[in-house]
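*Asks:* sequence first, then the predicted structure:
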Amino acid sequence: MQESPARERVGVDKPMALRRMDPGDMNEALKRIAKKAAYFSGVLPIQHALEHRDTLTAVMFHRVLDRDDPRWNDANPRDTVSTEFFADCLRFFHRHYDVVALEDVIRSTKGGARLPSRGLLITFDDGWSDNLRYAAPVLRAQGLPAVVFVTVDAVASRDAEWWQERVYAAYRTGAMTPERHAALDAAATAAVRPGAWVQRPDEPSVLSLIARLGTLDAARRAPLIADLPPREQGTRMMLTPAELAALRQAGVELGVHGFSHAPLTMLADPGDDLALAREGLRSMAGGISSLDALAYPHGRYDAGVQAAAERVGFTAIFTSDEHINRLKPGGVANARSIGRIVIDQQLLSDERGRLRSEEMATWLFRRPLQ
Ligand SMILES: [Zn+2]
């Protein structure tokens with residue numbers, strides 16, 4: 001039986017308190033009251049139950065850390081959720097969806113067993129070591145499957161730190177001065193293939209810089225970022241090849257997230273990167289038999305990338321396009337382009353860092369269907 005959302009009702013905001021608020025805060029508070037009313041009255045969950053028959057929702061996480069872990073304060077807050085918040089999310093998924101395994105999705109694309117009516121797939125990108133340390137036990141405790149899309153070079157590398165994090169952190173901490181930014185930006189632009197990089201109007205400069213640096217091999221990139229402060233010293237950030245096997249034993253499936261993590265749209269031959277990633281992961285993970293799922297690094301793709309991915313043999317291809325996926329009888333209607341919705345704790349939690357169910361419901365249920 002599904003647990004009623006009313007049971008987790010937390011105090012309703014008092015309208016009296018609104019009198020002391022400025023108009024912006026008041027607007028936010030009113031919106032929150034409306035979301036709570038829609039969720040806790042059961043209207044929004046019923047709407048979801050009716051409108052999302054025969055759909056698959058895929059959600060995307062990156063890191064999961066205990067708030068006591070020294071890495072918690074250092075980690076990129078956009079990509080990191082706490083263990084407690086993660087457990088709250090799993091309870092929410094369990095309440096409103098049938099959580100499915102990647103294998104179910106792939107089997108359904110090949111004419112196997114049908115997916116359930118309101119399926120949800122839990123995915124992680126990149127291959128962080130904390131996925132094994134913190135996420136896998138919570139998944140196991142709640143009996144839910146998940147998949148980690150692995151960046152092969154990051155896991156194969158012997159570096160304790162994933163270079164990207166040094167760049168992200170430099171922006172967060174102010175170590176990336178305007179002068180440093182200008183020099184790095186010029187070097188990164190000069191290094192990429194002409195015409196391969198198009199700045200998106202809404203893209204933060206840190207993301208576009210990391211995209212360009214990602215196309216360089218480690219030997220060319222290392223001197224460019226050598227003077228930025230290193231991060232999370234003393235612990236390895238990413239999974240090791242041995243930990244991939246442990247993750248599989250813990251019931252977590254693996255998929256491919258590229259070899260280099262460069263946006264595939266920027267590479268002269270994206271098929272090269274993808275074939276290398278698939279073979280690399282197969283050998284690191286101890287001869288895994290099927291590696292049919294891919295999630296695009298940075299969510300970037302075009303028709304050429306899509307064709308290359310299919311040529312390499314991927315049959316379930318995940319984007320970062322935030323929509324809910326339609327099912328056709330059997331499986332996902334478009335398994336070559338399965339949208340995913342990112343879960344950001346900063347947007348969905350209360351002041352104690354716990355999940356606001358009404359925010360999650362609004363975040364997930366009101367997405368376009370494709
Ligand atoms: Zn990624």
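*Replies:* Ah, there it is.

*Asks:* so R71, which state does it fall into?
*Replies:* helix (DSSP: H, G, I helix; E, B strand; the rest coil).

*Asks:* thought it was touching L65?
*Replies:* Yes. The criterion here is CB atoms under 8 Å, and R71 meets it with L65 at 5.6 Å. Backbone N, C-alpha and C define where each C-beta goes, glycine included.

*Asks:* between the two, who's got more neighbours?
*Replies:* For R71 versus L65, neighbours defined as other CB atoms under 10 Å are more numerous around L65 (22 against 18).

*Asks:* can you show me the strands along the stretch 1-150 of the chain?
*Replies:* Along the stretch 1-150 of the chain, counting by DSSP state E, counting those that start in this stretch, strands occupy 55-61, 63-65, 80-82, 98-99, 118-126, 146-150.

*Asks:* ignore the last one, the stretch 201-350 of the chain
*Replies:* According to DSSP E, counting those that start in this stretch, the strands that the stretch 201-350 of the chain contains are 252-256, 293-295, 316-318, 325-326, 341-342.

*Asks:* let me have the ones you listed in CSV, extended by mean neighbour count.
*Replies:* Below are the strands of the stretch 201-350 of the chain laid out as CSV (neighbours: other CB atoms under 10 Å):
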stretch, mean neighbour count
strand 252-256, 25
strand 293-295, 27
strand 316-318, 25
strand 325-326, 20
strand 341-342, 17
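
*Asks:* so for the ion, which of these sits nearest?
*Replies:* Proximity to the ion (CB to the ion) singles out strand 293-295 among the strands of the stretch 201-350 of the chain, at 7.5 Å.

*Asks:* contact residues of the protein facing the ion?
*Replies:* Taking CB under 5 Å from the ion as the contact definition, the chain meets the ion at 125-126.

*Asks:* low-confidence regions, the chain specifically.
*Replies:* Along the chain, the model assigns pLDDT under 70 to residues 1-20, 289.

*Asks:* can you list the domains in it?
*Replies:* As given by automatic domain parsing, the domain ranges for the chain are 13-50, 52-158+234-365, 163-225.

*Asks:* winner for burial among those?
*Replies:* Neighbour counts (mean count of other CB atoms under 10 Å) averaged over each of the domains of the chain peak at domain 52-158+234-365, with a mean of 19.

*Asks:* distance from the chain centre to that one, please.
*Replies:* Mean-position distance between domain 52-158+234-365 and its chain equals 6 Å (CA atoms, centre = their mean, to the nearest Å).

*Asks:* end to end, how far does it reach?
*Replies:* End-to-end distance for domain 52-158+234-365, by CA to CA, to the nearest Å: 8 Å.

*Asks:* can you work out which residues contact both of R71 and L65?
*Replies:* Shared contacts of R71 and L65, defined by CB atoms under 8 Å, 6 or more residues apart in numbering, are found at D130.

*Asks:* settle this for me: S205 is touching D185, isn't it.
*Replies:* Yes. Assessed by CB under 8 Å, S205 is found in contact with D185 at 7.4 Å.

*Asks:* can you show me the CA trace of the longest helix along the chain as CSV?
*Replies:* Using DSSP state H, we find that the single longest helix of the chain is helix 23-40. The C-alpha coordinates for helix 23-40 follow below in CSV (Å, rounded to 0.1, in the frame of the first residue of the first chain):
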residue,chain,number,x,y,z
PRO,A,23,7.3,41.4,-1.1
GLY,A,24,9.9,38.9,-2.6
ASP,A,25,9.9,36.7,0.5
MET,A,26,6.1,36.9,0.7
ASN,A,27,5.8,35.7,-2.9
GLU,A,28,8.1,32.8,-2.1
ALA,A,29,6.2,31.9,1.0
LEU,A,30,2.8,32.0,-0.8
LYS,A,31,4.2,29.8,-3.6
ARG,A,32,5.4,27.3,-0.9
ILE,A,33,2.0,27.3,0.7
ALA,A,34,0.4,26.6,-2.7
LYS,A,35,2.8,23.8,-3.4
LYS,A,36,2.2,22.3,0.0
ALA,A,37,-1.6,22.5,-0.5
ALA,A,38,-1.3,20.8,-3.9
TYR,A,39,0.9,18.0,-2.6
PHE,A,40,-0.4,17.3,0.9
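
*Asks:* show me what contacts G258?
*Replies:* Residues in contact with G258 (CB under 8 Å, 6+ apart) are 151-152, 264, 273-274, 277, 296-297.

*Asks:* same thing but 6 Å
*Replies:* Contacts for G258 (CB atoms under 6 Å, 6 or more residues apart in numbering) come out as 151, 273, 277, 297.

*Asks:* now intersect the residues you listed with the helices, please.
*Replies:* Members of the contacts of G258 lying in helices (criterion: DSSP H): 273, 277.

*Asks:* and of the contacts of G258, the nearest to the ion?
*Replies:* Proximity of the contacts of G258 to the ion, judged by CB to the ion, is greatest for P297, which lies at 5.1 Å.

*Asks:* test my guess that the closest one contacts H261.
*Replies:* Yes. Counting by CB atoms under 6 Å, H261 is a contact partner of P297 at 4.6 Å.
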